[in-house]
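**Student:** I would like the atomic coordinates for the input below:
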Amino acid sequence: MSPTTTTILISSLATGTIITASSYHWLMAWIGLEMNTLAIIPMISKQHHPRATEAATKYFLTQAAASAMILFASTTNTWQTGTWDITNMINPTANMLLTMALAMKLGLAPMHFWLPEVLQGSTIKTALIITTWQKLAPMTLIFMTLNNLSTTALLTMAMISALLGGWGGLNQTQTRKIMAYSSIAHLGWMAAITTIMPNILILNLMLYLLMTTSMFFVLILLNSKNIKDLATSSTTSPTTTTIAMLTLLSLGGLPPLTGFMPKWLILEELTTQNMTPTATILALSALLSLFFYLRLSYSSTIMLAPNTTASKYKWRFKPTTNLNPLTMTLPASLLMLPITPTLC
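**Tutor:** Presented below is the predicted three-dimensional model:
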């Protein structure tokens with residue numbers, strides 16, 4: 001793909017997200033979502049491989065269906081209220097349709113089946129965009145319609161997403177699919193706190209973006225597409241392999257790493273609101289996710305010194321990847337837990 005085409009597509013991605021985030025009219029928000037979808041599809045299918053074409057088709061059909069549901073929900077609400085204002089959603093049917101559509105856009109269970117398949121058919125860089133930047137526009141709409149979304153539906157999808165995100169990742173060997181199920185589980189935690197404490201939702205989203213971006217940059221640097229590549233990555237860069245282990249543990253939510261902060265705050269708030277069963281299910285689902293994070297961590301560090309390997313060492317070429325994004329996101333994704341009391 002030529003630099004000009006790449007620049008146009010990335011600019012369209014950014015423009016679509018900004019239009020959706022800054023609009024109060026449902027048609028403008030819908031236009032921004034469509035720009036987002038149409039800009040990412042060529043990036044998914046640029047490999048000219050049947051798997052990439054399949055992933056682009058699945059992504060297009062899912063996102064088009066979700067956008068149509070958003071348009072239908074806003075039209076239904078407009079018939080009753082006479083306004084296209086995003087914050088004026090009072091029709092219960094429209095609110096339920098909007099909740100389902102935004103869940104499909106994000107990849108919340110049970111509308112999550114497209115996400116692992118699309119990520120597996122994409123390049124690692126495109127998978128990074130899908131799991132981070134593409135979540136911003138739907139999350140903005142969720143934040144603007146907080147008081148009108150169906151709380152029961154969100155909590156149900158949150159628990160299902162957290163559980164399926166943990167169970168689905170147990171049997172995976174491809175790092176992109178593991179990151180997809182990781183995204184589903186994290187979105188479940190965000191959905192659980194959405195209508196209760198929006199400030200924690202924003203904090204969780206920011207930390208999720210930081211940790212996922214750091215992990216994808218590490219995967220790009222190590223060129224690891226499956227667990228086997230990650231297991232032999234220490235011969236390429238022992239330091240980066242250690243960083244990969246710490247980032248995975250942070251994604252799993254182990255203290256004293258940053259990933260423990262959102263889980264701690266969400267469980268505390270759910271318990272304060274007398275939602276102990278929901279908090280218990282989310283805490284148990286974190287153990288499922290932690291299992292495959294620990295498996296990846298073990299695989300990535302099993303060959304580190306003082307252990308020896310029978311396989312041949314890889315040549316250590318100078319990395320061609322720009323390391324500046326990793327150096328900016330990594331400290332925040334590992335070391336922010338001590339500032340938690342200032343955020344409460």
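**Student:** Surely residue 202 is in a helix?
**Tutor:** Yes - the assignment for residue 202, made by DSSP: H, G, I helix; E, B strand; the rest coil, places it in a helix.
**Student:** Contact partners for it?
**Tutor:** Neighbouring residues of residue 202 by Cβ atoms under 8 Å, 6 or more residues apart in numbering: residue 143. (Each C-beta comes from the backbone N, C-alpha and C, glycine too.)
**Student:** quick one: it from residue 194, how far?
**Tutor:** Plainly put, residue 202 is 10 Å away from residue 194 if you go by Cβ to Cβ, to the nearest Å.
**Student:** Same question for residue 130.
**Tutor:** Residue 130 is 21 Å from residue 194, by Cβ to Cβ.
**Student:** Neighbours of residue 5, how many?
**Tutor:** Using other Cβ atoms under 10 Å, residue 5 is surrounded by 12 other residues.
**Student:** which one is it nearest to, not counting chain neighbours?
**Tutor:** Excluding the flanking residues, the one nearest residue 5 by Cβ to Cβ, 6 or more residues apart in numbering is residue 42, at 7.5 Å.
**Student:** I'd assumed the one you found was in a helix, is it?
**Tutor:** Yes - under three-state DSSP, residue 42 falls within a helix.
**Student:** so it sits right up against residue 8, yeah?
**Tutor:** No - if you go by Cβ atoms under 8 Å, residue 42 and residue 8 don't touch, sitting 9.5 Å apart.
**Student:** So those two - more neighbours on which side?
**Tutor:** A direct count of neighbours by other Cβ under 10 Å for residue 42 and residue 8 places residue 42 higher, at 16 against 13.
**Student:** Which residues belonging to the strand or helix carrying residue 39 are considered buried?
**Tutor:** For residue 39, the element it lies in under DSSP states H and E is helix 26-44. Within helix 26-44, the residues that count as buried by 16 or more other Cβ atoms under 10 Å are 26, 29-44.
**Student:** and if you look at stretch 119-137?
**Tutor:** 119-124, 126-137.
**Student:** ok, now stretch 61-81?
**Tutor:** Buried-residue list, stretch 61-81, by 16+ other Cβ under 10 Å: 62, 63, 66, 67, 69, 70, 71, 73, 74, 76, 77, 78.
**Student:** Would you check how far apart the residue nearest to residue 35 when sequence neighbours are not counted and residue 253 are?
**Tutor:** Among residues not flanking residue 35 along the chain, residue 16 sits closest, at 3.2 Å (Cβ to Cβ, 6+ apart). Separation of residue 16 from residue 253 (Cβ to Cβ) stands at 32 Å.
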